[in-house]
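K.L.:
Here is my input; please provide its structure:
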Amino acid sequence: MSNFFPPEIAARVDFTVGAAAAQQTAQVSQKVAKEQLHAAETLIGIELTDAQEAMALQDVSQNLGRYETLRKLDIPLDTEPAIAFRPALPGKKFNAARTTNSKKRAVRVEVPKHGSLEEVAFFTATELGELIRTRRVSSVDLTRMYLSRLKRYGPKLLCVVTLTDELALKQAAQADSEIKRGKYRGPLHGIPVGVKDLFATRGIKTTWGAEPYRDQMIDYDATVIERLGSAGAVLVAKLSMGALAQGGRWFAGMTRNPWQVEEYLLGSSGSSAGPASATSAGLVGLSVGTETLGSIVSPSSRCGVVGLRPTYGRISRYGAMGLSWTMDKIGPICRGVEDCAAALAALYGPDERDITVGDAPFVWSPDVDLSKLRIGYLKPEFEQGANQQVKDMYKAALDVLIAKGVKLEPIELPKISTDSLRIILVAEAAAAFDDLTRSGGVNQLSGQAPNDWPNTFRTSRFIPAVEYIRAQRARTLLMREMDKLMSKWDVFVSPAPGSASLTVTNLTGHPAVCVPCGFVDNLPRSIMFTGGLYDEASPLRVALAFERATKWHTMHPKMDWA
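P.N.:
Residues are numbered from 1 along each chain as shown. The predicted structure is shown next:
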């Protein structure tokens, strides 16, 4: 639109205000030189004439003044922008009645035989919960056992930031008392858990794994912490994370993988490194991590545990460090699929704080006829690469699904380039830690390589706002294509974490669960099941059927290296 008014009206409009504004603009001191503007044109993708550059200089200088004013504002790190991402396209309907999902229902669980308490360290949370519910094991004794293991193995694995001994024993005693009185809160009641050290915990340090925040105290509890407490869980530790949610390296070093503890270049992999490592090593009953672009799936796969990345907006991020407001997700890391279902049931749903959280129900029924589900698979991803051992492993995994009644059909992902959409993540991350970047605080981080956050934060300041918004518009096209794809399928299967679907679904917000499916070079490998928006139940059901038909979830790292 070139004019706000029709010609016959424009002729009668008093433009005094506009003229005054133009005069004020002309008086703005020129803070940007013509040569600087000309050099920037290559970056922003336009070419101006001399006359256009001269005209633009005043506005560019005026905008620079506005930027400087904004930079002087004290904006707390937990302040989100006044925009929100919703994974569901307009018109999509979900049942808004939040289900109670049998949170307090006692389900009989067959618990393996065991002798000493130490022998239950690798039990699933579901099995541990049955021992506690039936009072064959007390929460206090179980908590003491896990605290002892955290102290014994944690230093070698570098997976523990803060032990919460005093709080844990208090919560465990309360759980035992309540269960004795018949007040059973559900499958997490009395279970010792650990959380990634980006969740705010009142009175306990929340370090974000980064040197500038190693003594940070936040005076409230994150929603995740509150809901774990409401479920009766026992918080035993704040677990390590890559500095500001990147990789596995934090201010104490690289979090190690208990399957290959001497390997330190990759370690536990992914920023939820501590939760995956601790869960795999039997140091907690289960843990809670976060994912922006693979940080649940990658460490869970590498450490041989089950990782659930729920739909974007399933679990409130209130009180969790923000990295990418339109991509961050929270999910459980466990030793069994049913543990993930129980954790999601305890954590999901609106809290009147995080406006992105949807109010769709999560209805979990573990037994389902897989032949009735529409299941696709990314056939080329299972067949690519030169490693025949990997191919054989995945073929065996797919054969298990076929034997369980799954009718696998090849599918293709949308053709939209997702690599170009990564600017969404890095632009938001740079904005989240802009104050830290401009103050020089990022120079304190141990990671200073080209791919580490300090360089990314600095270079992302050169991403034009127009390109960021264009990427978000392209993201909408990707969402539409994924909506078409998932309208035909309940679940699709892929390798983990090397699937192209990992980037796609982190952008579109679809849920996925990965489970161990074998070993290559003595390290666990995983297979991943992805479902429709707000339908974690379908991929969890397929994952559970696979888990029940295989032995991989029963295999745990030997801890003799300690």
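K.L.:
Could you export stretch 70-84 as PDB, keeping only the C-alpha atoms?
P.N.:
The C-alpha trace of stretch 70-84 is given here as PDB (Å, rounded to 0.1, in the frame of the first residue of the first chain):
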ATOM      1  CA  LEU A  70      16.600  -0.900  24.300                       C
ATOM      2  CA  ARG A  71      20.000  -2.200  25.400                       C
ATOM      3  CA  LYS A  72      19.900   0.000  28.500                       C
ATOM      4  CA  LEU A  73      16.700  -1.700  29.700                       C
ATOM      5  CA  ASP A  74      17.100  -4.200  32.500                       C
ATOM      6  CA  ILE A  75      15.300  -7.300  31.000                       C
ATOM      7  CA  PRO A  76      15.600 -10.300  33.300                       C
ATOM      8  CA  LEU A  77      16.800 -13.500  31.600                       C
ATOM      9  CA  ASP A  78      13.500 -15.300  32.300                       C
ATOM     10  CA  THR A  79      11.500 -12.700  30.200                       C
ATOM     11  CA  GLU A  80      10.100 -14.200  27.100                       C
ATOM     12  CA  PRO A  81       9.300 -12.100  24.000                       C
ATOM     13  CA  ALA A  82       5.700 -11.000  23.400                       C
ATOM     14  CA  ILE A  83       5.200 -13.700  20.700                       C
ATOM     15  CA  ALA A  84       4.400 -17.300  21.000                       C
END
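K.L.:
so where do the strands sit in the stretch 401-550 of the chain?
P.N.:
In the stretch 401-550 of the chain, the strands defined using DSSP state E, counting those that start in this stretch lie at 408-410, 491-496, 512-520, 523-531.
K.L.:
tell me which strands and helices the third one is in contact with?
P.N.:
Secondary structure elements in contact with strand 512-520, counted by 3 or more C-beta pairs under 8 Å, 6 or more residues apart in numbering; DSSP states H and E, are helix 297-303, strand 306-309, helix 337-347, helix 388-403, helix 501-508, strand 523-531, helix 537-548. Backbone N, C-alpha and C define where each C-beta goes, glycine included.
K.L.:
how about it: buried residues?
P.N.:
Counting neighbours by 16 or more other C-beta atoms under 10 Å, one finds that the buried residues in strand 512-520 are 512-518.
K.L.:
any idea which of the residues you listed is the one closest to A432?
P.N.:
Lowest distance from A432 to those (C-beta to C-beta) belongs to A512, with 24.2 Å.
K.L.:
ok, back up a step: select, out of the strands of the stretch 401-550 of the chain, the one closest to D328.
P.N.:
Closest approach to D328 among the strands of the stretch 401-550 of the chain (C-beta to C-beta): strand 512-520, 15.2 Å.
K.L.:
Sheet-wise, list the partners of the closest one with their directions.
P.N.:
Here strand 512-520 is paired, per DSSP bridges, with strand 306-309 (antiparallel), strand 523-531 (antiparallel).
K.L.:
Kindly compare burial across the ones you listed and name the winner.
P.N.:
strand 306-309 (a mean of 32; mean count of other C-beta atoms under 10 Å).
K.L.:
confidence score at L73?
P.N.:
For L73, the pLDDT comes out at 85.
K.L.:
Name the SS class of it, please.
P.N.:
Per DSSP: H, G, I helix; E, B strand; the rest coil, the secondary structure class of L73 is coil.
K.L.:
Show me what counts as buried in stretch 343-355.
P.N.:
For stretch 343-355, the neighbour count (16+ other C-beta under 10 Å) marks 343-349, 351, 354 as buried.
K.L.:
Out of those residues, which comes closest to L544?
P.N.:
Among the buried residues of stretch 343-355, and counting by C-beta to C-beta, the member closest to L544 is L344, at 13.1 Å.
K.L.:
Which secondary structure elements does the strand or helix carrying P332 sit against?
P.N.:
Element membership of P332, judged by DSSP states H and E, is strand 329-334. When contacts are defined as 3+ C-beta pairs under 8 Å, 6+ apart, strand 329-334 packs onto helix 273-280, strand 286-291, strand 306-309, helix 337-347.
K.L.:
Please work out which residues outside the shortest one touch it.
P.N.:
When contacts are taken as C-beta atoms under 8 Å, 6 or more residues apart in numbering, the neighbours of strand 306-309 outside the stretch itself are 272, 276, 289, 291, 296-297, 299-301, 329, 331-337, 339-340, 343-344, 506, 511-516, 536, 540, 543, 547, 553.
K.L.:
follow-up on the earlier one: could you point out which of the strands of the stretch 401-550 of the chain sits nearest S61?
P.N.:
Between S61 and the strands of the stretch 401-550 of the chain, the shortest gap by C-beta to C-beta is with strand 512-520, which sits at 47.4 Å.
K.L.:
now the angle from the closest one to helix 537-548?
P.N.:
Between strand 512-520 and helix 537-548, the angle comes out at 20 degrees (axes from the mean of the first three to the mean of the last three C-alpha atoms, to 10 degrees).
K.L.:
so who does the residue nearest the centre of the chain touch?
P.N.:
With the centre of the chain defined as its mean C-alpha position, the nearest residue by C-alpha atoms, centre = their mean is E291, 1.7 Å away. Counting by C-beta under 8 Å, 6+ apart, E291 touches 272, 297, 309, 328-329, 331, 506.
K.L.:
Dump the C-alpha coordinates for the helix or strand harbouring R144 into CSV.
P.N.:
When elements are assigned from DSSP H and E, R144 belongs to helix 139-157. Below are the C-alpha coordinates for helix 139-157, written out as CSV (Å, rounded to 0.1, in the frame of the first residue of the first chain):
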residue,chain,number,x,y,z
SER,A,139,11.6,-44.3,50.0
VAL,A,140,14.2,-43.2,52.6
ASP,A,141,16.3,-46.3,52.1
LEU,A,142,16.0,-46.1,48.4
THR,A,143,17.0,-42.4,48.5
ARG,A,144,20.0,-43.1,50.7
MET,A,145,21.1,-45.8,48.3
TYR,A,146,20.9,-43.5,45.3
LEU,A,147,22.6,-40.6,47.2
SER,A,148,25.5,-43.0,48.0
ARG,A,149,25.8,-44.0,44.3
LEU,A,150,25.7,-40.4,43.2
LYS,A,151,28.6,-39.6,45.6
ARG,A,152,30.5,-42.7,44.5
TYR,A,153,30.1,-42.6,40.7
GLY,A,154,29.1,-38.9,40.1
PRO,A,155,32.6,-37.5,40.3
LYS,A,156,34.0,-39.9,37.6
LEU,A,157,31.0,-39.3,35.3
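K.L.:
Show me what it is packed against.
P.N.:
Helix 139-157 is packed against helix 125-133, strand 160-163, helix 165-180, strand 192-196, strand 234-239, helix 273-280, with contacts defined by 3+ C-beta pairs under 8 Å, 6+ apart.
K.L.:
go again using 6 Å as the cut-off
P.N.:
For helix 139-157, the packing partners by 3 or more C-beta pairs under 6 Å, 6 or more residues apart in numbering; DSSP states H and E come out as strand 160-163, helix 165-180, strand 234-239.
K.L.:
Please, which helix or strand holds the nearest residue to R317 once chain neighbours are set aside?
P.N.:
Residue nearest to R317 in three dimensions, not counting chain neighbours: D354, with 5.3 Å by C-beta to C-beta, 6 or more residues apart in numbering. Counting by DSSP H and E, no helix or strand carries D354.
K.L.:
Who are the contact partners of D354?
P.N.:
Counting by C-beta atoms under 6 Å, 6 or more residues apart in numbering, D354 makes contact with 316-318.
K.L.:
how about the residues you listed in CSV, adding distance to V284, pLDDT and neighbour count?
P.N.:
Below are these laid out as CSV (distance: C-beta to C-beta, whole Å; pLDDT from 0 to 100; neighbours: other C-beta atoms under 10 Å):
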residue, distance to V284, pLDDT, neighbour count
S316, 22, 98, 24
R317, 22, 97, 27
Y318, 23, 97, 20
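K.L.:
ok, so of these, who is nearest N522?
P.N.:
R317 (36.3 Å).
K.L.:
which SS class is that closest one?
P.N.:
Here R317 takes the coil state, with states given by three-state DSSP.
K.L.:
That one and A245, how far apart?
P.N.:
Plainly put, R317 is 12 Å away from A245 if you go by C-beta to C-beta, to the nearest Å.
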